[in-house]
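J.: One predicted model, sequence on top.
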Amino acid sequence: MAECKPVENEITADTLVVGGGISGMTTAIETAEVGKNVILLEKNTSLGGRVAAMNQYFPKLCPPTCGVEINLKRIRSNSHIRVLTLAQIDKVTGSPGEYEVTITLKPRYVNEKCTACGDCEKVCEIKRDNDFNYGLDKTKAIYLPHLMAYPPRYVVDPEFAGDEGLKKCVEVCQYGAIELDMQPKTITAKVGAIVWATGWKPYDANNLDNLGFSKIDNVITNVMMERLASENGPTQGKIQRPSEGNEVKSVGFVQCAGSRDENHLPYCSAVCCLASMKQATYIREQYPEAEIHLFYIDVRSPGRMEDFYVKVQEDEKFHFHRGKVAKITEVPGSKNVILEAENTLTGEIVKTEVELAVLATGMVPNSADEPPPMETPLDDYGFIAPDPNTGVVGAGVANRPVDVAASVQDATGAALKAIIIGRRR
Ligand SMILES: Cc1cc2nc3c(=O)[nH]c(=O)nc-3n(C[C@H](O)[C@H](O)[C@H](O)COP(=O)(O)OP(=O)(O)OC[C@H]3O[C@@H](n4cnc5c(N)ncnc54)[C@H](O)[C@@H]3O)c2cc1C
């Protein structure tokens with residue numbers, strides 16, 4: 001696979017897939033498995049996207065290793081797929097059937113000789129915030145992005161590439177894999193079609209002043225909960241209070257934190273209710289006696305996922321409260337939090353004290369802040385709006401908020417559309 005060798009100045013493919021999450025990986029695999037050549041381009045250090053950072057994913061509650069790892073295996077063994085990581089698209093010219101794309105490959109500072117032995121990490125004394133764990137812990141300045149990372153190769157945080165302290169890492173590497181003077185490289189890709197599978201980021205909970213995120217220790221977001229519960233996360237899977245690391249005896253899930261709210265995200269992200277119910281199962285597994293409260297406007301569990309909703313309702317210590325949480329305050333001393341909500345059926349103001357609050361923030365399309373550098377129809381919220389006339393193809397959450405199963409279906413369709421567009425060549 002092409003990640004293993006230096007990239008030429010000009011490369012060609014039938015389809016360019018932008019974004020290496022579950023949607024982009026699926027589009028690339030489906031395209032390559034019918035014999036077409038694909039470039040799979042990811043801006044981050046490794047493939048996997050947001051799903052790689054989950055603890056488990058519904059409906060089957062399997063760990064990401066079961067879905068992402070199988071796809072990585074199919075990618076690794078297919079010579080029609082070329083993976084570019086740390087890659088950024090600068091410019092797109094041309095038209096459906098014949099695009100020319102200018103790509104910058106950012107330096108990893110670690111070359112293909114890396115065996116991921118970890119000797120460099122052991123001697124490195126510089127630390128950085130771990131973005132994979134949403135800042136809940138730190139990594140060394142030279143680090144393996146995560147256990148499933150593809151390519152399985154170390155990377156240097158660019159902020160520290162010029163730091164004298166990293167010279168020790170160069171000296172200890174017996175393979176000559178660390179190149180601190182590595183430079184960015186610009187290449188051109190000639191492709192017939194482009195699929196935008198650029199996915200999402202969590203809505204910034206700092207915008208929700210009333211809910212105390214980053215001011216109150218024991219208020220976290222749903223994506224942080226995924227990492228807390230994960231064996232390869234910052235606490236090795238132990239769900240504990242950020243304030244002092246204690247066990248958790250009561251948790252409050254705050255649904256629609258910023259969603260369905262015209263001051264924040266006017267739309268529903270479609271997965272947050274199920275994500276919170278899934279996370280309640282993480283809590284229940286570790287704390288059989290914990291009281292779990294979920295505050296909602298209405299619970300959305302479409303299609304077959306209704307079974308999951310019905311199942312969690314059997315848990316006597318899982319309390320559903322109708323009402324949107326308007327305010328979260330901290331209890332001095334105990335560091336517990338009080339969730340204040342109006343019951344929308346009775347009008348009653350309900351105050352519930354819990355040890356940990358989880359804000360169910362929604363998904364914001366990356367294309368809202370960083371639209372594709374070509375004429376692209378976007379809807380009011382920044383999702384890619386399909387338009388057969390422009391030849392622009394989106395896949396997965398780049399198109400709309402969806403779960404993994406729908407992303408995969410969408411991505412398979414995108415592969416076919418791209419093949420048809422590419423044939424205009
Ligand atoms: C808290 C939470 C829990 C969830 N749990 C579940 C669950 O249990 N089950 C389930 O089915 N779904 C779940 N989901 C939904 C799931 O995360 C999405 O369906 C899935 O991530 C969609 O994959 P994607 O590839 O479209 O996007 P992403 O996972 O966001 O991947 C997009 C990729 O594109 C890359 N990228 C972005 N912009 C660029 C660019 N300009 N150039 C190059 N690369 C770029 C990104 O770095 C990323 O790797 C959950 C969502 C949330 C918020």
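T.: Done, it's in.
J.: residue nearest the centroid of the chain?
T.: When the chain is reduced to its mean C-alpha position, the nearest residue by Cα atoms, centre = their mean turns out to be R50, at 1.9 Å.
J.: Count the residues that sit near the residue of the stretch 51-200 of the chain found nearest the ligand.
T.: Here the stretch 51-200 of the chain gets closest to the ligand at one residue, G199, 2.1 Å apart by Cβ to the nearest ligand atom. Using the backbone N, CA and C atoms, a C-beta is placed for each residue, glycine as well. When neighbours are counted by other Cβ atoms under 10 Å, G199 registers 23.
J.: ok, it to L180 distance?
T.: From G199 across to L180, the span is 31 Å (Cβ to Cβ, to the nearest Å).
J.: Also V251?
T.: 45 Å.
J.: out of those two, which sits in the more crowded spot?
T.: V251 (27 against 17).
J.: Quickly list what the more buried one is bridged to.
T.: Assessed by DSSP bridges, V251 has beta-bridge partners I292, L356.
J.: Correct me if wrong: it contacts L294.
T.: No. Checked against Cβ atoms under 8 Å, the pair V251 and L294 is beyond contact range at 9.1 Å.
J.: what do those two both touch?
T.: Here V251 and L294 have A280 as joint contacts, going by Cβ atoms under 8 Å, 6 or more residues apart in numbering.
J.: what about stretch 137-155 and the ligand, any contact?
T.: No. Using Cβ under 6 Å from any ligand atom, stretch 137-155 never reaches the ligand; the gap is at least 10.9 Å.
J.: out of everything not next to it in sequence, what's closest to the single nearest residue of the stretch 1-150 of the chain relative to the ligand?
T.: Residue of the stretch 1-150 of the chain nearest the ligand, by Cβ to the nearest ligand atom: G21 (2.0 Å). In this structure, G21 finds its nearest non-sequential neighbour in G49, 2.2 Å apart by Cβ to Cβ, 6 or more residues apart in numbering.
J.: do you know how far that neighbour is from E314?
T.: On the measure of Cβ to Cβ, G49 and E314 end up 33 Å apart.
J.: more crowded one of these two?
T.: For the pair G49 and E314, the greater number of neighbours falls to G49 (25 against 7), based on other Cβ under 10 Å.
J.: Spell out which residues sit in contact with T104, please.
T.: Here T104 is in contact with 87-88, 90, 184-186 (criterion: Cβ under 8 Å, 6+ apart).
J.: Please, which helix or strand holds it?
T.: Per DSSP states H and E: T104 is located in strand 98-105.
J.: all helices for the stretch 51-200 of the chain, in order.
T.: 64-76, 119-123, 167-172 (DSSP state H, counting those that start in this stretch).
J.: do the first one and the ligand meet?
T.: What that stands for is helix 64-76. No. Using Cβ under 6 Å from any ligand atom, helix 64-76 stays clear of the ligand, coming no nearer than 9.0 Å.
J.: Secondary structure element for K201, which one?
T.: strand 200-202.
J.: mean confidence score for that strand?
T.: For strand 200-202, mean pLDDT is 98.
J.: can you confirm the residue nearest to the centre of the chain is in a strand?
T.: No. R50 is assigned helix when assessed by DSSP: H, G, I helix; E, B strand; the rest coil, not a strand.
J.: how about the residues of the chain near the ligand?
T.: Going by Cβ under 6 Å from any ligand atom, the residues of the chain near the ligand are 18-24, 41-44, 49-51, 54, 57-58, 197-200, 222-223, 226, 271, 275, 278, 363, 366, 370, 396-397, 402-405, 407.
J.: could you flag which of the residues you listed are buried?
T.: Buried members of the residues of the chain next to the ligand, scored by 16 or more other Cβ atoms under 10 Å, are 18-24, 41-44, 49-51, 54, 57-58, 197-200, 222-223, 226, 271, 275, 278, 363, 366, 396-397, 402-405, 407.
J.: Just checking, which helix or strand of the chain averages the lowest pLDDT?
T.: helix 306-312 (a mean of 85; mean pLDDT, DSSP states H and E).
J.: May I see the buried residues of that helix?
T.: Result for helix 306-312 [16+ other Cβ under 10 Å]: buried residues 308-309, 312.
J.: Show me the domain layout of the chain.
T.: Domains of the chain are assigned by automatic domain parsing as 2-106+184-201+364-422, 119-172, 204-361.
J.: Please give me every residue in contact with the closest residue to V337 other than its chain neighbours.
T.: Distances taken as Cβ to Cβ, 6+ apart place A357 nearest to V337, at 4.9 Å, with adjacent residues excluded. Contacts for A357 (Cβ under 8 Å, 6+ apart) come out as 211-212, 216, 218-220, 251-254, 328, 337, 339.
J.: same thing but 7 Å
T.: 218-219, 252, 254, 328, 337, 339 (Cβ atoms under 7 Å, 6 or more residues apart in numbering).
J.: Which positions within the top helix by length along the chain qualify as buried?
T.: Looking across the chain with DSSP state H, the single longest helix is helix 404-422. By 16+ other Cβ under 10 Å, the buried positions in helix 404-422 come out as 404-408, 410-412, 414-415, 417-419, 421-422.
J.: re the thing from before, do you know which of the helices of the stretch 51-200 of the chain lies nearest T352?
T.: helix 64-76 (32.1 Å; Cβ to Cβ).
J.: And the closest one, what does it pack against?
T.: helix 22-32 (3 or more Cβ pairs under 7 Å, 6 or more residues apart in numbering; DSSP states H and E).
J.: C-terminal to the helix it packs on, what's the next element?
T.: By DSSP H and E, the next helix or strand past helix 22-32 is strand 38-41.
J.: closest point of the stretch 251-400 of the chain to the ligand, which residue?
T.: For the stretch 251-400 of the chain, Cβ to the nearest ligand atom, closest residue to the ligand: G396, 2.5 Å.
J.: I would like the residues contacting stretch 108-116, please.
T.: With Cβ under 7 Å, 6+ apart as the criterion, stretch 108-116 contacts 4-5, 86, 144, 152-156, 161, 175-180, 182.
J.: redo that, cut-off 10 Å
T.: With contacts defined as Cβ atoms under 10 Å, 6 or more residues apart in numbering, stretch 108-116 is touched by 3-6, 45, 85-86, 120, 141-142, 144, 149, 151-158, 160-161, 166, 169-170, 173-182.
J.: What of stretch 337-345?
T.: 210-212, 216-219, 250, 252-254, 293, 295-298, 321-331, 348-357.
J.: run the last query once more with 6 Å
T.: By Cβ atoms under 6 Å, 6 or more residues apart in numbering, the residues outside stretch 337-345 that reach it are 218, 252, 295, 322-323, 325-330, 349-353, 357.
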